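In: Return atomic coordinates for the entry below.
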Amino acid sequence: MVRFGVWQNRRMHFNVHAPGGHTIPQNAAEARRLLDQLYETAVMRALPLHALAPHLPKPPTAASGGRTVVVGAGKAGAAMAQAVEALWPADAPLEGLVVTRYHHVPQRPAGLVQRIEVVEAAHPVPDAAGEVAAQRILAMAQGLGPDDLVLCLISGGGSALLSLPVEGLDLAGKQQVNKALLASGASISEMNCLRKHLSRIKGGRLAAACAPARVVTLTISDVPGDDPSIIASGPTVPDASTCADALAIVRRYGIELPQAIVHALEAGTLETPKPGDPVFNGHEVHMIATPQQSLEAAADAARAAGLQAYILSDEIEGESREVGKVHAALARAVARRGQPFARPCVILSGGETTVTVRPRAEGVARGRGGRAGEFCMGLAQALQGQPGVYALAADTDGIDGVEDNAGAFVEPQTLARAASLGLKVDAHLDRNDAYGFFEPLGDLVFTGPTFTNVNDFRAILVL
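Out: Have a look, this model is predicted:
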C-alpha cells in the first residue's frame, strides 16, 4: 500500500524504455504503474508542505503584542497545521485548533513541537467531536483585536468536520440532512449552499466572529471552479447565495427539515454575511493548491514518459457513471481513429462527480463504493474491452466515498475477468456496488489517507 504524507518525497519509477529514453508502457502491469505514478504526482503537487510556504503572512510584530491564532477544518487540516508549524518562526507566538477526519493526521517529524492542537472528527456525516471542535474554534475567535492575526486553514471535507447547527436544528437533524444530501445527487455547490444556511460558523460567519482581527485564509480547493465560498462551505469568506437558494435546494431534492427551519429560510432570518460586508475588510484568501495544478503536474509526468497528455477539464460534474461513459466514447475514438488525439496519449480530468444512490430491492444488500469506483464501472461498461485503453480514477484524499480504497483501475480485460468470476457490471451499477465489483478483480486502488484533497483524479491511457 502506497502511503502519502506531508513529509514524504516519493520518486517515480519505471524500467521499460522506449527509443529516446522515454518510458512508454508495454503491457497491463506497466500501464498500471504509469497510471499509479500520475496519480501520485498529482497528489504530491497538492501536499501542504510543498505548497503553503509562499503564502504565509508575516507574524504580528512583537511591539504590537498581537497573537497568531490558527483555526481550520478539512481532510488536509492536520497536514496544513504541521506545515505552518514547520515554517513559522520559532520565536513567534503560535496557537490554535484545527479539525480533520479520523485517521488523517500524518506522523509528526521528530523534534517538531506541537503548538496547534489537532482534533479528529467524522466525515462525511458529522459527529459530536466535530460539533465540539466547531464550538471551540468559534470561541477562540471571540475577543480578538486589530493587532491579532487569524490563519484559517481550509480544505475539502470541512463542511462536515466543522458542524455547528443553527438554533432549532440539533446534531441528529444535521446528520440526517447530510445523509440525504449525499444520497440525492446534488452538486457540491448545492450541498454547501444549504449547509451554510444551516450553520452558525460556515458561510462567512467565522470571519464575522474574528472581527476586528486580520484574517488570512489558506485553502486547498476540492471544488469545480475553485470558489473559496464553496470549499468547506466558506467559513471565512463572503457568501453570495441566499436563503431562497437554500430553500429551493431543499424542495428540489426533498430534504426534510424541521418546520421552524423551513419558516426561517422562508423569512430570510438565516442569511449569511454577503460580499461587501465590512467584516471582511482587509482579509486575504490564498489558494495554495488546486485541481488544475495537480492535473498539470500529472500531464508533465506523462510527457516526461514520452506520451502526449491532454487535460479535458478540472471542473467536470454530473453522474459518475454517465461521466464514465462520455470518457469511454472519447477513448474509443482515440484508440480506433486517432481522433481527436493521436495515440499513445494520456487523457486527464478532474472535478467532482456525484452518485445518486438507487433504491434497493427487498433483500438486496447495500452496495459499497464512491464516485471514482462508479465512474470506473460506467467506463468499463461503455468501453466493452476496447484494446489498448487503461484507466485509473481515484479521489485525491485517498478515500473513495466512505470506503478504504481511493478508487479503481480499468483495463481491456476487466469485463472478461469479471465474467469469469460471475460478476456483472450492470448488476453492480444497479446497486452502486463498485467495491464489490473491483475487489475480487484485485483492481481497487489503495493509498491510505493522502493528507490533502483536490478532488477527483482521472487518467486514461490509450496505447
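In: and stretch 388-399, what's its mean pLDDT?
Out: Mean pLDDT, computed over stretch 388-399, is 97.
In: distance between the ends of that stretch?
Out: 28 Å (CA to CA, to the nearest Å).
In: residues of it that come out buried?
Out: Gly388, Val389, Tyr390, Ala391, Leu392, Ala393, Ala394, Asp395, Thr396, Asp397, Gly398, Ile399 (16 or more other CB atoms under 10 Å). Using the backbone N, CA and C atoms, a C-beta is placed for each residue, glycine as well.
In: Show me where the stretch 51-200 of the chain has its helices.
Out: 77-87, 128-141, 158-161, 171-184, 188-197 (DSSP state H, counting those that start in this stretch).
In: Make TSV out of those helices and add mean neighbour count.
Out: What follows is these, written out as TSV (neighbours: other CB atoms under 10 Å):
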stretch	mean neighbour count
helix 77-87	26
helix 128-141	19
helix 158-161	30
helix 171-184	17
helix 188-197	25
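In: okay, these in CSV with mean pLDDT and distance to Ala301 next?
Out: Formatted as CSV, the helices of the stretch 51-200 of the chain follow (pLDDT from 0 to 100; distance: least, CB to CB, whole Å):
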stretch, mean pLDDT, distance to Ala301
helix 77-87, 95, 22
helix 128-141, 97, 36
helix 158-161, 95, 29
helix 171-184, 93, 33
helix 188-197, 96, 27
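In: now those helices as TSV including distance to Phe451?
Out: TSV is the format used below for these (distance: least, CB to CB, whole Å):
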stretch	distance to Phe451
helix 77-87	4
helix 128-141	18
helix 158-161	14
helix 171-184	23
helix 188-197	21
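In: Out of these, the one nearest Ala232 is which?
Out: Ala232 lies closest to helix 158-161 among those, at 2.6 Å (CB to CB).
In: Please name every helix or strand in contact with that closest one.
Out: Helix 158-161 makes packing contacts with strand 68-73, strand 95-101, helix 128-141, helix 188-197 when contacts are defined by 3 or more CB pairs under 8 Å, 6 or more residues apart in numbering; DSSP states H and E.
In: Which one of those lies nearest to Leu463?
Out: Of all the helices and strands packed on helix 158-161, helix 188-197 sits nearest to Leu463, with 33.7 Å by CB to CB.
In: Tell me which other helices or strands the closest one touches.
Out: helix 158-161, helix 171-184, helix 243-253.
In: hmm, try it at 7 Å
Out: Judged by 3 or more CB pairs under 7 Å, 6 or more residues apart in numbering; DSSP states H and E, helix 188-197 is in contact with helix 243-253.
In: and after the helix it packs on, which helix or strand comes next?
Out: Sequence order places helix 259-267 as the next helix or strand after helix 243-253, per DSSP states H and E.
In: when you compare where the helix or strand following that next one runs with where helix 77-87 runs, what's the angle?
Out: Helices and strands here follow DSSP H and E; after helix 259-267, the next one along the chain is strand 284-289. Put simply, strand 284-289 runs at 110 degrees to helix 77-87, going by axes from the mean of the first three to the mean of the last three CA atoms, to 10 degrees.
In: Send me strand 284-289 as CSV with only the CA atoms.
Out: Below are the C-alpha coordinates for strand 284-289, written out as CSV (Å, rounded to 0.1, in the frame of the first residue of the first chain):
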residue,chain,number,x,y,z
GLU,A,284,-6.9,37.8,2.3
VAL,A,285,-7.6,34.4,0.7
HIS,A,286,-4.8,32.4,-0.9
MET,A,287,-5.4,29.3,-3.0
ILE,A,288,-2.4,27.1,-2.2
ALA,A,289,-3.3,24.1,-4.3
